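*Asks:* Below are the sequence and a predicted model; questions follow.
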Amino acid sequence: APAAAASASASRPGPASGATREVGEDVTSDAYWDRWVTVFGFAPRDKEAVLAEMQRCGNILSCGPFSDKATNWVHLQYQSRYDAQRALGSSPRQVGDALLVGVKPLSADHRRAIREGRGGEEGAAAVAASKARGRAAKPNA
């Protein structure tokens, strides 16, 4: 029984590439989508800094533009609704010295793109990689 309980709380890949969900979680429910936000208003070269800054709001499970086109946004799936609400409440958010980004709830069109699984990344891996590259770029950090 303990093994069954442990496996019931494990995360598994969701309906989209890079999206995660709890075992048995209903991806049509508002509770699932309430953990997603869209961060916008930055150039692709700033994505790593934006991810590192948004990680301060909470644990990011997955991220990506979920688009076949070049974009100035990224969708983030937080571990909890509370973390997503913290991110939404911080809009506009300053990243570094010269960048302000906006944060908004995920739109219905973007939900569809995530379900189709276009352009997602595993969030923890993407954020960890961005932090590692950020430390490598700043030897005094």
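*Replies:* Noted; the coordinates are in hand.

*Asks:* got the contact list for Pro44?
*Replies:* Counting by C-beta atoms under 8 Å, 6 or more residues apart in numbering, Pro44 makes contact with Ala70, Asn72. Just so you know, the C-beta spots here come from the backbone N, C-alpha and C atoms, and that holds for glycine as well.

*Asks:* Output the strand or helix carrying Thr38 as CSV, nothing but the C-alphas.
*Replies:* Per DSSP states H and E: Thr38 is located in strand 36-40. Taking C-alpha atoms only, strand 36-40 is exported to CSV below (Å, rounded to 0.1, in the frame of the first residue of the first chain):
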residue,chain,number,x,y,z
TRP,A,36,0.1,27.9,-15.8
VAL,A,37,1.1,31.4,-16.7
THR,A,38,2.4,33.2,-19.7
VAL,A,39,5.5,35.4,-19.3
PHE,A,40,6.0,37.8,-22.3
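
*Asks:* what lines up beside it in the sheet?
*Replies:* Partners of strand 36-40 in the sheet, by DSSP bridges, are strand 73-78 (antiparallel), strand 99-105 (antiparallel).

*Asks:* Just name the most buried of these.
*Replies:* strand 73-78 (a mean of 26; mean count of other C-beta atoms under 10 Å).

*Asks:* Assign Ser67 to helix, strand or coil.
*Replies:* Using DSSP: H, G, I helix; E, B strand; the rest coil, the structure places Ser67 in coil.

*Asks:* coming back round to it: show the average pLDDT along the strand holding Thr38.
*Replies:* Averaged over strand 36-40, pLDDT sits at 95.
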